Every structure is written in structure tokens, then in C-alpha cells.
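Engineer: All I have is the shape, not the residue letters:
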């Protein structure tokens, strides 16, 4: 029977850590944007809660839960996670900088949308829902890392690498 202990190869450990840190950073960025939205967006607090927490929470739940529960969605995402590891994501300075740049770009887009709404532009409900869905996918990827490392064939390949 294969061991249930986590794999301790440096490349895999860095990759697993990067998946966790990426999801956590996305949540923190989102929390900052929500606080910023409450300070700046027009409308009653109930509207801001609905557009920045309720609907995005639904999208987050769906994008996190469905890939973990449904095989036809889980398999391609697990394959993507495995290919990300094989490509070196989270294992080099360049890939870390790229990941941070993408998160910051999404954050800047949210802040830009909030600023536009304060000037009478469109209310930024879509950007919050989209970012919520993105957080769900990042969290699903972080969970799938743990699933992958328990698979005997994947575990063997991880342990043989590096």
C-alpha cells in the first residue's frame, strides 16, 4: 500500500507551496478590493454586499466544488495541474514573478472597475464574480495537488524527478 505521507522532494514541495500561496494571495487581494469597494462604490451596503460577496461567493463555490466533485471536470484540471508541475510552475523565480504579475493585473483591473463606477460607469459586479470564480479554481488546483501526490503512478514519478 502506498504511503499517505506528503512527498518531500524540493520541486514538488515548492510547487505545492506555490499553489497554496497563489490561492491565499488571491483571497487577500480580493478582500482588499472588497474593502475598497465598500469605501468607494455608490449604493446601499446591501447592494455592495450582493455584488462583491454573495454572487462572487456563489461563483467561487461552483468553480471550487464542481471540479472536485465531477470527474469530467476534475480530470482535465488535474491534468493541467500536473502539466504545470512538469513545466516548472512555482519552481523558478520567473514562474513566481509571472504568477504574482497575473494576480496583480487582476487586482488592478478590479480597482480600475471600482474607480470607473465611482465616476458613473458600469457597476463592477462582473469583475468581482469573475475573480471569485478564479479563486475557486485556484483553490481547486491546490486541493488537486494533494490528490495527485497520493496517486501511486504520479507519486513514483515525483519521487524519481529531481
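Structural biologist: Done, it's in. Keep in mind the model is a prediction, meaning the values are calculated, not measured.
Engineer: Same question for the one helix or strand residue 101 maps to: list its buried residues.
Structural biologist: Assigned by DSSP states H and E, residue 101 belongs to helix 93-118. Residues of helix 93-118 classed as buried: 95-96, 99, 103, 106-107, 110-111, 113-114, 117 (neighbour count, 16 or more other CB atoms under 10 Å). All C-beta atoms are positioned from the backbone trio N, CA, C, and that covers glycine.
Engineer: Would you tell me which one of the residues you listed comes nearest to residue 40?
Structural biologist: Among the buried residues of helix 93-118, residue 114 lies closest to residue 40 (CB to CB), at 5.4 Å.
Engineer: dump the residue contacts of that closest one.
Structural biologist: Shown in contact with residue 114 (CB atoms under 8 Å, 6 or more residues apart in numbering): 33, 36-37, 40-41, 124.
Engineer: for the helix or strand that contains residue 83, the distance to its chain's centre please.
Structural biologist: Taking DSSP H and E as the criterion, residue 83 maps to helix 71-87. On the basis of CA atoms, centre = their mean, to the nearest Å, helix 71-87 sits 14 Å off its chain's mean C-alpha point.
Engineer: quick check, nearest of the buried residues of helix 93-118 to residue 151?
Structural biologist: Nearest to residue 151 out of those is residue 95 (CB to CB; 23.2 Å).
Engineer: what separates the residue nearest to the closest one when sequence neighbours are not counted from residue 139, distance-wise?
Structural biologist: Distances taken as CB to CB, 6 or more residues apart in numbering place residue 89 nearest to residue 95, at 4.8 Å, with adjacent residues excluded. Using CB to CB, to the nearest Å, residue 89 is found at 16 Å from residue 139.
Engineer: In this structure, where is pLDDT below threshold?
Structural biologist: Residues of the chain that meet the criterion pLDDT under 70 lie in 1-8, 161-162.
Engineer: Mind checking which residue lies nearest the centre of it?
Structural biologist: residue 138 (2.3 Å; CA atoms, centre = their mean).
Engineer: Work out the gap between the helix or strand that contains that residue and the centre of the chain.
Structural biologist: Element membership for residue 138 (DSSP H and E) is helix 125-150. The chain centroid and the centroid of helix 125-150 are separated by 4 Å, computed with CA atoms, centre = their mean.
Engineer: what about the helix or strand following that helix, distance to the chain center?
Structural biologist: With elements assigned by DSSP H and E, the helix or strand that comes after helix 125-150 is helix 152-160. When C-alpha coordinates are averaged (CA atoms, centre = their mean), helix 152-160 and its chain have centres 25 Å apart.
Engineer: List the buried residues of helix 152-160.
Structural biologist: 154-155, 158.
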